[in-house]
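A.B. asks: below: sequence and its predicted model.
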Amino acid sequence: MEIFYARETDIFQFQFMELITFEYMLESLRYNNSTIHFGSLADSGFEELLEKEYGSSKKIILTDETVGELWIEDLITSFPVLSHAEIIQIPPGEDFKSIEVCTQIWEALSEYQIGRNDLIINFGGGVITDLGGFVASLFKRGLRFINIPTTLLSQVDASVGGKTGVDLGPYKNQIGVFSDAEHVFIDPRFLGTLSDDQLLSGFTEMLKHGLIASEEHWNNLIALSKVDSQIDIELILQSVNIKKQIVEVDHKETGIRKNLNFGHTIGHAIEGYKLANDKPILHGFAVAWGMVAEAELSLMKGLITRDINEEIKNKIESKYPKISMDPSDFKDIIKLMYNDKKNRENKIQFTLISGIGMAVYDQNVTDKEILDVLKKVF
Ligand SMILES: NC(=O)c1ccc[n+]([C@@H]2O[C@H](COP(=O)([O-])OP(=O)(O)OC[C@H]3O[C@@H](n4cnc5c(N)ncnc54)[C@H](O)[C@@H]3O)[C@@H](O)[C@H]2O)c1
């Protein structure tokens with residue numbers, strides 16, 4: 001996996017910072033045929049690349065109705081190479097990240113007589129990049145695909161790292177494969193039409209990257225007075241770089257990649273519980289408070305100091321609305337944690353932090369400890 005960073009008309013290979021160090025990283029660096037480009041699509045060589053690498057391929061753009069309405073005309077008119085592309089548009093939202101929608105898309109691909117040499121361009125948020133990557137990876141045993149993520153969350157997280165898949169009823173990401181996009185184009189211009197809440201939701205994953213891997217990144221992020229669509233691309237790049245370095249050494253999440261789950265064990269359970277009770281909350285909001293709770297667990301286990309715990313709580317509290325919960329909800333929330341894919345031998349496995357910028361995975365925590373933390377935080 002290489003990272004390229006485009007500024008105006010220059011494209012230069014980004015010398016990524018070693019924000020995290022893995023002694024064994026160089027030895028176990030795997031070849032990963034994926035390139036991440038930063039900057040405006042036009043300056044990132046998007047059109048040239050499509051002509052050079054995919055000139056003879058039919059092109060399919062997969063998007064959702066919201067992104068389609070806001071951006072598809074702009075995309076097609078800016079890049080004539082896409083003028084003959086077929087567009088597949090699905091309704092927006094997590095409800096459509098399903099196997100039924102995949103079947104419909106596969107049928108459309110068959111109608112368009114798409115073959116192994118053709119290209120899918122996933123143009124949208126994390127739902128589109130997860131679903132589109134999965135659709136591409138399975139159709140005719142694998143089509144090439146490119147991601148153009150349009151939400152902050154998909155730019156810093158979902159579009160990179162090769163996890164693709166769909167939900168199975170209430171179970172998130174239950175069906176999926178590891179499969180990397182050949183190219184990912186991260187163009188912050190698309191963030192201009194995103195709501196403040198969606199921006200903040202994506203920002204959570206950036207904070208998480210700081211907390212698990214780089215105190216410097218965390219400090220840069222918490223120094224921002226507001227999170228808006230003008231967010232510095234360098235910060236996006238730092239976040240992607242942290243994720244890239246982790247997935248490069250542990251693509252299939254057998255070890256260090258589990259660090260990316262910090263905040264998600266409690267966060268996912270809260271998100272699922274709220275959804276089941278018809279009070280859905282944004283993923284990033286649930287994970288932000290999941291990080292507060294899991295920092296509290298880290299304190300309880302003697303992994304971090306009281307000061308660090310307070311800092312995390314205060315910074316998140318100042319940005320994210322408090323999630324209201326009744327103590328009678330807590331037992332059900334803990335039950336949901338037992339469904340987590342990361343568990344082993346029916347034990348809930350947590351990733352905790354041992355400082356700002358340091359994480360430890362596979363931490364066993366008892367139900368009583370989780371209950372105590374939920375009572376304290378919510
Ligand atoms: N594969 C991974 O590693 C990974 C990591 C994190 C999250 N995810 C997945 O990502 C999904 C969440 O991603 P998301 O938050 O991007 O959700 P999303 O794709 O549903 O996008 C959120 C909303 O924003 C709209 N939208 C997208 N781009 C826009 C733009 N530029 N302007 C205005 N509106 C826009 C969408 O239509 C949608 O309504 C979940 O399904 C989650 O499981 C995957």
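C.D. replies: Perfect, thanks for sending it. Numbering: from 1, shown residues only.

A.B. asks: only C-alpha atoms from now on, for both contacts and neighbour counts.
C.D. replies: Will do.

A.B. asks: shaky segments in the protein?
C.D. replies: Applying pLDDT under 70 to the chain flags the ranges 1-31, 341-345.

A.B. asks: show me what from this protein comes close to the ligand.
C.D. replies: 64, 66-67, 92-94, 124-128, 130, 150-151, 153-154, 157-158, 161, 163-164, 190-191, 193-194 (C-alpha under 6 Å from any ligand atom).

A.B. asks: what secondary structure does I120 sit in?
C.D. replies: Classification of I120 using DSSP: H, G, I helix; E, B strand; the rest coil returns strand.

A.B. asks: could you pull out the helices for the stretch 101-250 of the chain?
C.D. replies: Listed in chain order, the helices of the stretch 101-250 of the chain (DSSP state H, counting those that start in this stretch) span residues 126-138, 152-153, 196-213, 215-222, 233-249.

A.B. asks: typo on my end, the stretch 251-378 of the chain
C.D. replies: Counting by DSSP H, counting those that start in this stretch, the helices of the stretch 251-378 of the chain are 264-276, 283-300, 306-319, 330-337, 367-377.

A.B. asks: neighbouring contacts of the last one?
C.D. replies: Contact with helix 367-377 is made by 292-293, 296-297, 327, 330-331, 334, as judged by C-alpha atoms under 8 Å, 6 or more residues apart in numbering.

A.B. asks: show me what counts as buried in that helix.
C.D. replies: Neighbour counts over helix 367-377 (16 or more other C-alpha atoms under 10 Å) mark 370, 373-374, 377 as buried.

A.B. asks: picking up where we left off before, switch the helices of the stretch 251-378 of the chain over to JSON lines; also include distance to G176.
C.D. replies: Output for the helices of the stretch 251-378 of the chain, formatted as JSON lines (distance: least, C-alpha to C-alpha, whole Å):
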{"stretch": "helix 264-276", "distance to G176": "18"}
{"stretch": "helix 283-300", "distance to G176": "19"}
{"stretch": "helix 306-319", "distance to G176": "32"}
{"stretch": "helix 330-337", "distance to G176": "20"}
{"stretch": "helix 367-377", "distance to G176": "29"}
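
A.B. asks: comparing those, which comes out most buried?
C.D. replies: Of all those, helix 283-300 has the most neighbours on average by mean count of other C-alpha atoms under 10 Å, namely a mean of 26.

A.B. asks: just to revisit the earlier point, got the helices of the stretch 101-250 of the chain as TSV, with distance to T77 columns?
C.D. replies: Formatted as TSV, the helices of the stretch 101-250 of the chain follow (distance: least, C-alpha to C-alpha, whole Å):
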stretch	distance to T77
helix 126-138	21
helix 152-153	24
helix 196-213	27
helix 215-222	35
helix 233-249	25
